[in-house]
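Asker: Fold the following.
(one chain, ligands or ions: 2)
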Amino acid sequence: MTKLSVNINKIATLRNSRGGDVPNVVEFAKDVQRFGAEGVTIHPRPDERHIRYQDARDLKSQVYTEYNIEGNPIDSFVKLVLEVKPTQVTLVPDAIDAITSNAGWDTVKHKSFLIDVIKEFKNNGIRTSIFVDPVLSQIEGAKETGTDRIELYTETFAHQYGLGNKEAVRPYIDSSALANSLGLGINAGHDLSLDNIQFFKENIPDLLEVSIGHALISESLYLGVENVIQMYLNKLK
Ligand SMILES: CC(=O)[C@@H](O)[C@H](O)COP(=O)(O)O
Ligand SMILES: NCC(=O)COP(=O)(O)O
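Answerer: Ligands and ions are numbered 1, 2, ... in the order given. Have a look, this model is predicted:
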């Protein structure tokens, strides 16, 4: 059974584009859980261009499924996560001005930093996951950090699968087999979608959780727009 955690960053992006509070991020999180999502993911960035640190606090009492906060563990992020105490923190090595996440950790180079920060979160009862590329040496390095889980960075798989290259799932199969043998839990995310999720899931045994945002919100627009147009037309009769 793989849990679906909905990343609601894009809802905050839409809200922020107008100021105000529409769409409301907390109400949206409540809705996705009511519709069956098994988790809510946010990825507050230092510039707060979508999810704001205050959103992370406001969501705490309303996320009754798994609450996953992702981000680069700079001081302000670590403080926020220790205050909010989500179910899981996913550490992502984002550059401060990254448009979106674009690489996993170098778990060998950053081993001692990761050990320290992971220990602090675990001591506070927060499950840890670290974002990694599907590279065996990086999975072995992840084990050394003491993390509970890894999140496989799926952008390459998603891109190649879209081009018809199904073999692109091979490094993920090998990485997840190694992670399993090392006792690491396996999450995955980035550019997963209705097109590629079933194939990915079928190939990765013991996939515990996927976090999906960009495609899921886009698909919700595509699949919902017809209904909304009809509702407007009815009001305009
Ligand atoms: C780690 C990861 O792949 C996602 O959290 C992704 O980075 C979402 O962040 P943005 O919504 O800012 O693109
Ligand atoms: N951890 C990945 C995530 O939260 C969502 O990534 P995406 O679906 O927006 O690419």
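Asker: For residue 152, identify the helix or strand it belongs to.
Answerer: Residue 152 belongs to strand 149-153 when assigned by DSSP states H and E.
Asker: pLDDT of that strand, averaged?
Answerer: In this model, strand 149-153 carries a mean pLDDT of 98.
Asker: cool, and stretch 208-227?
Answerer: 98.
Asker: Repeat that for stretch 39-57.
Answerer: 96.
Asker: and the end-to-end length of it?
Answerer: 16 Å (CA to CA, to the nearest Å).
Asker: about what we covered before: ok, the strand holding residue 152 near ligand 1 or not?
Answerer: No: for a cut-off given as CB under 6 Å from any ligand atom, strand 149-153 has no contacts with ligand 1; the smallest distance is 6.5 Å. Any C-beta I mention is one placed from the backbone N, CA and C, and that applies to glycine too.
Asker: Other residues contacting the helix or strand that that strand is followed by?
Answerer: Proceeding N to C from strand 149-153, the next assigned helix or strand is helix 155-162, under DSSP H and E. If you take CB atoms under 8 Å, 6 or more residues apart in numbering as the criterion, helix 155-162 is touched by 102, 133-134, 167-169, 172, 190-193, 195-196, 199-200.
Asker: can you rerun that using 6 Å?
Answerer: Residues from elsewhere that reach helix 155-162 (CB atoms under 6 Å, 6 or more residues apart in numbering): 168, 169, 172, 190, 191, 196.
Asker: tell me which parts of the protein are close to ligand 2?
Answerer: 7, 41, 43, 70, 151, 189-192, 211-215.
Asker: rerun at 8 Å
Answerer: 5, 7, 9-10, 41, 43, 68, 70, 90, 92, 100-101, 131, 151, 155, 187-193, 210-217 (CB under 8 Å from any ligand atom).
Asker: Give the PyMOL command for selecting the buried subset of those.
Answerer: Selection of buried members from the residues of the chain next to ligand 2 for PyMOL, criterion 16 or more other CB atoms under 10 Å:
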select buried, resi 5+7+9+10+41+43+68+70+90+92+101+131+151+155+187+188+189+190+191+192+193+210+211+212+213+214+215+216+217
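Asker: So which of the residues of the chain next to ligand 2 belong to helices?
Answerer: 9, 10, 155, 214, 215, 216, 217 (DSSP state H).
Asker: Of these, just say which sits nearest to ligand 2.
Answerer: Using CB to the nearest ligand atom, residue 214 comes nearest to ligand 2 of those, at 3.5 Å.
Asker: Relative to residue 110, how far out is the closest one?
Answerer: Distance, residue 214 to residue 110, by CB to CB, to the nearest Å: 26 Å.
Asker: Now residue 42: closest residue in space, sequence neighbours ignored.
Answerer: Sequence neighbours aside, residue 51 is the residue nearest to residue 42 in space, at 4.5 Å (criterion: CB to CB, 6 or more residues apart in numbering).
Asker: what are the ranges of the helices in this structure?
Answerer: Under DSSP H, the chain gives helices at 9-16, 25-34, 53-60, 75-84, 111-123, 136-145, 155-162, 170-182, 197-203, 214-235.
Asker: Can you tell me which of those is nearest to ligand 1?
Answerer: Here helix 9-16 is closest among these (CB to the nearest ligand atom), at 3.6 Å.
Asker: quick one: the closest one to helix 214-235, angle?
Answerer: If you take axes from the mean of the first three to the mean of the last three CA atoms, to 10 degrees, helix 9-16 sits at 50 degrees to helix 214-235.
Asker: So for the nearest residue to residue 107 once chain neighbours are set aside, what's the pLDDT?
Answerer: Nearest in space to residue 107, with sequence neighbours left out and distances taken as CB to CB, 6+ apart, is residue 141 at 3.0 Å. Looking at residue 141, its pLDDT is 98.
Asker: Residue 141 contacts residue 108, doesn't it?
Answerer: Yes: at 4.4 Å, residue 141 counts as touching residue 108 under the criterion of CB atoms under 6 Å.
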